[in-house]
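Visitor: Whatever this is, show me its structure:
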Amino acid sequence: MKKNNLLNFIVLIVLVFSCKPSQRITTSWVNPDRPQKNYTTVFVAALMQNNGIKYALENDLGAAAKARGFNVVKGFEIFPPNFNKDNMKDKDLALKLIRDRGCDVILSIAVIHEKSETKYVSGSSYTPYVGYGPYGTYGMYGAGFYGYYNYWSPTLYSPGYYTTDKTYFIEANAYDMETQKIIWSVQSKAENPSGIEKSSKEYTEMLFDQFDKERKKIKS
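Guide: All right, here's what the predicted structure looks like:
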């Protein structure tokens with residue numbers, strides 16, 4: 001019984017510490033000299049080479065913007081999958097394509113830095129005392145080698161292993177279409193994000209929660 005209680009306690013501790021958010025905002029800034037206008041149509045662009053992440057982010061961000069009353073044009077609706085800063089030959093043409101769709105604000109998302117750290121997690125050995133009796137150490141002597149080994153082996157030793165932590169630093173910028181002035185900027189950090197779909201939705205929710213807070217401040 002004591003053994004089960006101990007294992008349950010360990011599982012609970014692991015769950016508590018693994019539930020911390022994998023993404024968080026580090027800084028946010030609203031330009032005090034931004035143009036004083038009401039924006040209606042946003043162009044959403046995820047500036048990433050991975051098309052799976054790009055499409056997921058642009059779809060999720062677009063849906064969140066629509067839910068707040070904006071019209072939305074997504075990057076992949078205008079530009080080909082291989083469109084990026086390296087093959088964007090004509091800046092004026094790119095901006096014209098966005099402007100022709102009626103966009104008055106641009107929201108761009110980019111990973112500005114990536115950090116990987118590999119570390120070794122050492123193994124652990126543990127021999128708990130659970131007392132004598134039919135379910136204790138003494139009682140298991142009569143179960144033969146296999147019974148004794150099968151009972152204790154899960155708690156005797158846990159081998160070490162290597163793990164790699166990945167941290168992504170992400171920046172979202174909103175630009176006024178007419179002046180190209182930056183009007184809003186949000187930097188965030190994602191630690192070991194899991195899965196494109198889940199990470200994209202987490203990021204979108206976090207970013208637009210921040211947007212709602214700052215829009216409320218501006219209007220008050």
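Visitor: Contacts for the top helix by length along the chain next, please.
Guide: The helix of greatest length in the chain, counted in residues with DSSP state H as the criterion, is given as helix 196-219. Where contact means Cβ atoms under 8 Å, 6 or more residues apart in numbering, the residues beyond helix 196-219 that reach it are 21-25, 28, 30, 52-53, 56-57, 59-61, 63-65, 68, 170, 172, 184, 186, 188, 190, 193. Using the backbone N, CA and C atoms, a C-beta is placed for each residue, glycine as well.
Visitor: and if we set it to 7 Å?
Guide: The contact list for helix 196-219, computed with Cβ atoms under 7 Å, 6 or more residues apart in numbering, reads 23, 25, 28, 30, 52-53, 56-57, 60-61, 64, 172, 186, 188, 190, 193.
Visitor: Would you indicate which residues of that helix are buried?
Guide: Within helix 196-219, the residues that count as buried by 16 or more other Cβ atoms under 10 Å are 199-204, 206-208, 210-211.
Visitor: what does stretch 93-109 give?
Guide: 98, 103-109.
Visitor: avg pLDDT for stretch 190-198?
Guide: Summarised as a single mean, pLDDT over stretch 190-198 is 84.
Visitor: now the end-to-end length of it.
Guide: Distance between the two ends of stretch 190-198: 12 Å, counting by Cα to Cα, to the nearest Å.
Visitor: before we move on, what about stretch 62-79?
Guide: Note: stretch 62-79 ends 16 Å apart using Cα to Cα.
Visitor: For it, list every residue counted as buried.
Guide: 62, 64-65, 70-76, 78-79.
Visitor: Residue 175 looks like it's in a helix, true?
Guide: No - assigned with DSSP: H, G, I helix; E, B strand; the rest coil, residue 175 falls outside any helix and is strand.
Visitor: any idea how far it is from residue 199?
Guide: The span separating residue 175 from residue 199 equals 24 Å under the rule Cβ to Cβ, to the nearest Å.
Visitor: which element is the nearest residue to residue 55 once chain neighbours are set aside on?
Guide: Closest residue in space to residue 55, ignoring its immediate chain neighbours: residue 76 at 5.9 Å, by Cβ to Cβ, 6 or more residues apart in numbering. Counting by DSSP states H and E, the secondary-structure element that holds residue 76 is helix 75-78.
Visitor: Going C-terminal from that helix, what's the next secondary structure element?
Guide: In the C-terminal direction from helix 75-78 (assignment by DSSP H and E), the next one is helix 91-99.
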